[in-house]
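Asks: turn this into a model:
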Amino acid sequence: MEDLSNLKQKIQNYQLEGQKLGDLGYTRILLQVCGSAGHGKSSLINSFMYALHDGQFSISAPVAQAEVSYGGLTTKRLPYELTKVITLVDNRGFGKSDNFEKEEVYTQLANLQDLNVDVEWIWCYEKRMEAVTNAANNTNDLLVPLYVHSIEEKIPENEKTEMKEFFKTTQKLTGFLPIIVLTKRLSGDAKNMRLQFEDMGMENIFEVENYTMKDDVKTPGKDKTFLSILSKLLDQVDFLANNRASTLDTPENEHKKRMQMLLKIAHDNDIQREKKKWMEENPQPKKPEKSNCRLL
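Replies: Numbers count the residues shown, from 1 in each chain. Down below sits the predicted model:
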């Protein structure tokens with residue numbers, strides 16, 4: 001593993017300019033931090049900032065208190081510039097994580113929800129279509145997803161298939177399989193949680209204990225873990241540039257592709273909702289029960 005000095009230099013000096021991706025028009029990497037509300041997304045962003053930059057620990061991304069529940073504290077897509085090339089985005093967290101809420105999360109991850117604007121759960125297809133098509137065309141951004149999950153939170157068996165589908169859809173939208181960060185490493189069975197995500201097809205999985213106001217003492221091991229995550233982010237970007245650049249379109253066209261994909265997801269969800277509504281309003285008559293009586 002690279003030492004701290006080399007990791008910092010790699011991250012701080014990384015440039016898209018002069019690379020194939022830069023030639024296509026990409027000038028910024030958005031590390032799209034997502035996951036369920038209250039799992040440590042904002043704390044992770046603060047830890048990245050603290051590990052890379054010198055100085056005292058500070059709260060860049062506001063962190064929700066324990067009593068804050070559904071939706072967490074973050075209700076907007078909040079950007080935090082880590083370097084001139086890398087910006088960390090604190091996306092609004094999941095709540096119920098149903099199809100329509102995941103649709104909104106996809107909108108954030110596809111960069112079709114403007115930054116610094118309140119994220120609202122939109123259940124109407126027409127309003128979703130309007131919101132997506134009116135989103136700013138952030139054509140210079142390369143999107144890399146990072147999924148945060150607390151080791152304290154067990155994953156129900158019946159949700160694993162849906163999570164796997166979510167990761168695959170995220171990969172289709174961004175071009176990258178999400179980096180997985182398991183927070184609260186010391187509060188549960190980290191090894192077992194890692195195996196569960198590996199079974200879902202995830203390749204890059206890290207276990208961390210975030211820096212906080214109550215635990216801000218720097219250690220080389222913790223710093224190296226956070227910097228290694230950022231280094232892996234850049235390795236993925238380099239792999240794209242060196243091995244898949246020929247399949248990547250211009251930023252403008254990639255934006256249009258994501259928009260079309262998101263609108264199809266919204267359309268399919270709208271059809272499912274209307275079908276469910278119709279079935280609730282038109283219940284099928286129950287079949288008569290078979291009688292056990294015999295005719296004499």
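Asks: quick one: the strands in this protein?
Replies: 28-35, 78-81, 86-90, 141-150, 179-183, 205-207 (DSSP state E).
Asks: closest one to Q272 among those strands?
Replies: For these, distance to Q272 was read as C-beta to C-beta. The smallest value, 22.7 Å, belongs to strand 28-35. From N, CA and C alone the C-beta is placed, and that goes for glycine too.
Asks: what is that closest one packed up against?
Replies: helix 41-52, strand 86-90, helix 99-109, strand 141-150, helix 220-239 (3 or more C-beta pairs under 8 Å, 6 or more residues apart in numbering; DSSP states H and E).
Asks: partners of it, with directions?
Replies: Strand pairing for strand 28-35, using DSSP bridges, gives strand 86-90 (parallel), strand 141-150 (parallel).
Asks: the shortest one vs helix 41-52, what angle?
Replies: Taking axes from the mean of the first three to the mean of the last three C-alpha atoms, to 10 degrees, one finds that strand 86-90 is oriented at 150 degrees with respect to helix 41-52.
Asks: now the longest one
Replies: For strand 141-150 against helix 41-52, the angle between stretch directions is 110 degrees (the same axes, to 10 degrees).
Asks: which parts of strand 141-150 are buried?
Replies: Buried residues in strand 141-150, defined by neighbour count with 16 or more other C-beta atoms under 10 Å: D141, L142, L143, V144, P145, L146, Y147, V148, H149, S150.
Asks: go through these and name the one nearest F197.
Replies: Nearest member of the buried residues of strand 141-150 to F197, counting by C-beta to C-beta, is H149, at 7.7 Å.
Asks: which strand residues bridge the closest one?
Replies: L182.
Asks: distance of the residue nearest the centre of the chain relative to V144?
Replies: The chain has C34 as the residue nearest its centroid, 3.1 Å off, counting by C-alpha atoms, centre = their mean. For C34, the distance to V144 equals 11 Å [C-beta to C-beta, to the nearest Å].
Asks: what's the answer for P62, then?
Replies: Separation of P62 from V144 (C-beta to C-beta) stands at 23 Å.
Asks: circling back: turn the strands of the chain into CSV, including mean pLDDT and distance to A190.
Replies: Putting the strands of the chain into CSV (pLDDT from 0 to 100; distance: least, C-beta to C-beta, whole Å) gives the following:
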stretch, mean pLDDT, distance to A190
strand 28-35, 95, 16
strand 78-81, 94, 26
strand 86-90, 95, 23
strand 141-150, 96, 11
strand 179-183, 98, 6
strand 205-207, 98, 5
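Asks: closest to K232 out of those strands?
Replies: strand 179-183 (6.2 Å).
Asks: tilt between that closest one and strand 141-150?
Replies: 30 degrees.
Asks: in this protein, where is pLDDT below threshold?
Replies: Scanning the chain for pLDDT under 70 picks out 1-2, 64-74, 95-100, 118-129, 131-132, 134-139, 286-296.
Asks: which elements pack onto the longest helix seen in it?
Replies: Assignment by DSSP state H gives helix 251-281 as the longest helix of the chain. Under the contact definition 3+ C-beta pairs under 8 Å, 6+ apart, helix 251-281 sits against helix 99-109, helix 125-133, helix 157-174.
Asks: quick one: it to helix 157-174, angle?
Replies: Going by the same axes, to 10 degrees, helix 251-281 makes 150 degrees with helix 157-174.
Asks: just how off-centre is helix 251-281 within its chain?
Replies: 19 Å (C-alpha atoms, centre = their mean, to the nearest Å).
Asks: same thing with stretch 5-25?
Replies: 22 Å.
Asks: ok, now stretch 171-181?
Replies: The mean C-alpha position of stretch 171-181 is separated from the chain mean by 8 Å, C-alpha atoms, centre = their mean.
Asks: returning to what we had before: and the helices and strands packed on helix 251-281, which is most packed in?
Replies: helix 99-109 (a mean of 21; mean count of other C-beta atoms under 10 Å).
Asks: helices or strands next to that helix in the packing?
Replies: Helices and strands touching helix 99-109, by 3+ C-beta pairs under 8 Å, 6+ apart, are strand 28-35, helix 125-133, helix 157-174, helix 251-281.
Asks: let's see 7 Å
Replies: strand 28-35, helix 157-174, helix 251-281 (3 or more C-beta pairs under 7 Å, 6 or more residues apart in numbering; DSSP states H and E).
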